[in-house]
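Chemist: show me how the following folds:
(chains A and B)
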Amino acid sequence: MSAPAATAPAPLAPAAGRLRSLSTFLYRRGTLTLLLLLVPPLLWFGVVYLGSLLALVWQSSYTFDDFTMAVTPDLTWANYLALLDPANLDVVLRTVGMALAVTVACAVLAFPLAYYMARHASGGLKGFLYVAVMLPMWASYIVKAYAWTVILARGGVVYWFTGALGLTGALEWVLTLPVVGGSSLSTSTLGRFLVFTYVWLPFMILPTQAAIERVPENLLQASADLGARPDQTFRTVLLPLAFPGVVAGSIFTFSLTLGDYIIPQLVGPPGLFVGTMVYTLQGSVGNLPLAAAFTAVPIALVAAYLALARRLGAFDAL
Amino acid sequence: MPSEAAARGRRAPWWLAALAWGGVLFLHLPILVVALYAFSTEESAFSFPPPGLTLRWFAQAAARDDVVQAILLSARLALVATAGALLLGTLAALALARRTFPGKDAITLIFILPIALPGIITGIALLSAFRLGGLEPGFWTIAVGHATFCVVVVYNNVVARLRRLPHSLVEASMDLGADAFQTFRRVVLPQLATSLLAGGILAFGLSFDEIIVTTFTAGHEQTLPIWLMGQLSRPRDVPVTNVVALVVMLVTALPIVAAWWLTRGTEDVAGSGK
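Modeler: The predicted model follows:
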């Protein structure tokens, strides 16, 4: 409790119980109070969390014997070199490409809704929209993923609607396209992209909305008064000021897509993702060292991303 | 909020309103679909629209022992993880809300890391550490994992409230002769109450729903998300799965509305990221 320790004269009241002397003692030694408050969380995060991460990094240089399927603590760079194998590099690039595409799509989809919430909705409507974004965000992740497998399946909602609108031909044509296509929506990269975009979208909407809300209205009015067209005001005033919010949201969309292994299993073509790779390697193969080396990819990418986001001011918008 | 006052009564252009409401509809489509299919008379496939509606799957789901056990396990885990997160998150927030000192940014970053880094990393790191330590995966290993990433939602909520808490209140309390503990109990804690409750609710929801970290640390324990995940590869229980999915949706939805209600008027509390 740094607050009381920072100010306040020593109490003059005569009742000097043990608690009170302890209180005075702590107040006089602000740094000690701070330490006492920080010790439990720091112990937890330092030992349990960082300790585990370091153990993981350490094990990424252990040796895995392909024949005996045994892990031995002989340090090697082989696991990291293995990441550069074309097959593994393919997995990394596929995952990063998806994470970037999902991030961009989320930013584009989130902005109008975030803007509408921040600038046009007030009172009850604002509360309603807020809950309307929070609900899907907190609704069970696995249920949402499951729902999409149902929606995208042949004979499901999307196929029914495109049929009713006479667009089945167009949908089939899209599915024949290279890269995004597949035999059906639920086994196409397009379907997987759709589900990823859906599940992380609220994580983009809320920080963006908060950032837009913090842009003073009179700046926009001043811009209009000075003769800027709405699109100029948007590009030169609103967007730069709201951008940290978008970057804050993108931390989540990017990082969550990088590490997810449930959605790539449920929706889309068979190609592996970093997440599915890690899961398979440690689980069915038992090659924990290579799995650990694979996790270095998202760790490095997210670290770089966080450093960049910090420079863009996204941490204040979190 | 001044910007809101200025915007009030100003109508949005039709295309903006259409995009916004389209976004809302998109966000709710899967929820509506799960709700609809839970009542479908169809047993095995997912044809749309459903051929007929029925309530009988609800009774079947409630009679399933594995479903009930999974729900109870998830609820107990979430309670333990939430308690741990409330304690650690509040301590961290009290320490970091006002003071600046070297290394503060690094400490804040460590708290954010479990949710900023992909869950699979937290999961595999904890698993390998538990193995190194010779710990058998089970209830407590899951709880430790869940508590770790729940701390940040409590921390975020409490630190936001502490920063808005006028320091003059604390000073007044101390001037009137209260010691630090009395001030905390009578002045600071009541001010934090709703942010603690909201943070706790969000932590509970986060833990109740967690699957990625859980799959690594669970061993043979079957939480509700793991049960659901198992059903996805065994499509013979489709109707029960639909009902459970709907129930999970409802169970998470109501507390979220409650958290929002509790923190209304305090701006960014419930929504401060994940």
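Chemist: number of residues surrounding whatever residue of chain B ends up closest to chain A?
Modeler: Per C-beta to the nearest C-beta, B:Pro118 is where chain B lies closest to chain A, at 1.7 Å. (C-beta placed from N, C-alpha, C; glycine too.) Applying other C-beta atoms under 10 Å in any protein chain shown, we find 28 residues neighbouring B:Pro118.
Chemist: show me what contacts the residue in chain A that chain B sits nearest to?
Modeler: Per C-beta to the nearest C-beta, A:Gly259 is where chain A lies closest to chain B, at 1.7 Å. Neighbouring residues of A:Gly259 by C-beta atoms under 8 Å, 6 or more residues apart in numbering or on different chains: A:274-275, A:298, B:117-121, B:212.
Chemist: any idea which of these is closest to A:Leu43?
Modeler: B:Leu117 (19.8 Å; C-beta to C-beta).
Chemist: that closest one: how many residues sit nearby?
Modeler: Other residues near B:Leu117 come to 23 when the count uses other C-beta under 10 Å.
Chemist: returning to that earlier point: distance of the residue of chain A closest to chain B from B:Thr183?
Modeler: 43 Å (C-beta to C-beta, to the nearest Å).
Chemist: mind showing which ranges of the stretch 201-318 of chain A have poor pLDDT?
Modeler: A:314-318 (pLDDT under 70).
Chemist: tell me which parts of it are close to chain B?
Modeler: A:201-203, A:205-207, A:209-210, A:213, A:215-218, A:221, A:248, A:251-252, A:255-256, A:258-262, A:266, A:274-275, A:278-279, A:282, A:288, A:291-292, A:295, A:298-299, A:302, A:306, A:318 (C-beta under 8 Å from any C-beta of the partner chain).
Chemist: buried subset of these as a PyMOL selection?
Modeler: Those of those that count as buried under 16 or more other C-beta atoms under 10 Å in any protein chain shown are selected in PyMOL with:
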select buried, chain A and resi 201+202+203+205+206+207+209+210+213+215+217+248+251+252+255+256+258+259+260+261+262+266+274+275+278+279+282+288+291+292+295+298+299+302+306+318
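Chemist: A:Pro264 contacts A:Leu272, correct?
Modeler: Yes: using C-beta atoms under 8 Å as the test, A:Pro264 is close enough to A:Leu272 to be in contact (7.4 Å).
Chemist: please say which of those two ends up with more neighbours.
Modeler: Of the pair A:Pro264 and A:Leu272, A:Pro264 is the one with more neighbours under other C-beta under 10 Å, namely 25 against 20.
Chemist: following the helix or strand hosting that one, which helix or strand shows up next?
Modeler: Using DSSP states H and E, the element containing A:Pro264 is helix A:263-266. Using DSSP H and E, the helix or strand that follows helix A:263-266 in sequence is helix A:274-280.
Chemist: which other helices and strands does the longest helix belonging to chain B contact?
Modeler: Identified as the longest helix of chain B according to DSSP state H is helix B:65-96. Judged by 3 or more C-beta pairs under 8 Å, 6 or more residues apart in numbering or on different chains; DSSP states H and E, helix B:65-96 is in contact with helix A:2-6, helix A:30-43, helix B:104-116, helix B:139-164, helix B:189-209, helix B:224-232.
Chemist: what do you get if the cut-off is 6 Å, keeping everything else the same?
Modeler: Using 3 or more C-beta pairs under 6 Å, 6 or more residues apart in numbering or on different chains; DSSP states H and E, the elements in contact with helix B:65-96 are helix A:30-43, helix B:139-164, helix B:189-209, helix B:224-232.
Chemist: identify the residue nearest B:Pro225 in space, chain neighbours excluded?
Modeler: B:Ile211 (4.0 Å; C-beta to C-beta, 6 or more residues apart in numbering or on different chains).
Chemist: related to what we said a few turns ago, closest one to B:Ala61 among the helices and strands packed on helix B:65-96?
Modeler: Of all these, helix B:224-232 comes closest under C-beta to C-beta, at 11.3 Å.
Chemist: send the alpha carbons of the closest one over as PDB?
Modeler: The C-alpha trace of helix B:224-232 is given here as PDB (Å, rounded to 0.1, in the frame of the first residue of the first chain):
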ATOM      1  CA  LEU B 224     -15.800 -28.500 -19.200                       C
ATOM      2  CA  PRO B 225     -13.900 -27.100 -22.200                       C
ATOM      3  CA  ILE B 226     -11.800 -30.300 -22.400                       C
ATOM      4  CA  TRP B 227     -15.100 -32.300 -22.400                       C
ATOM      5  CA  LEU B 228     -16.500 -30.100 -25.200                       C
ATOM      6  CA  MET B 229     -13.200 -30.400 -27.200                       C
ATOM      7  CA  GLY B 230     -13.500 -34.200 -26.800                       C
ATOM      8  CA  GLN B 231     -17.000 -34.100 -28.200                       C
ATOM      9  CA  LEU B 232     -15.800 -32.400 -31.300                       C
END
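Chemist: done for today, thanks.
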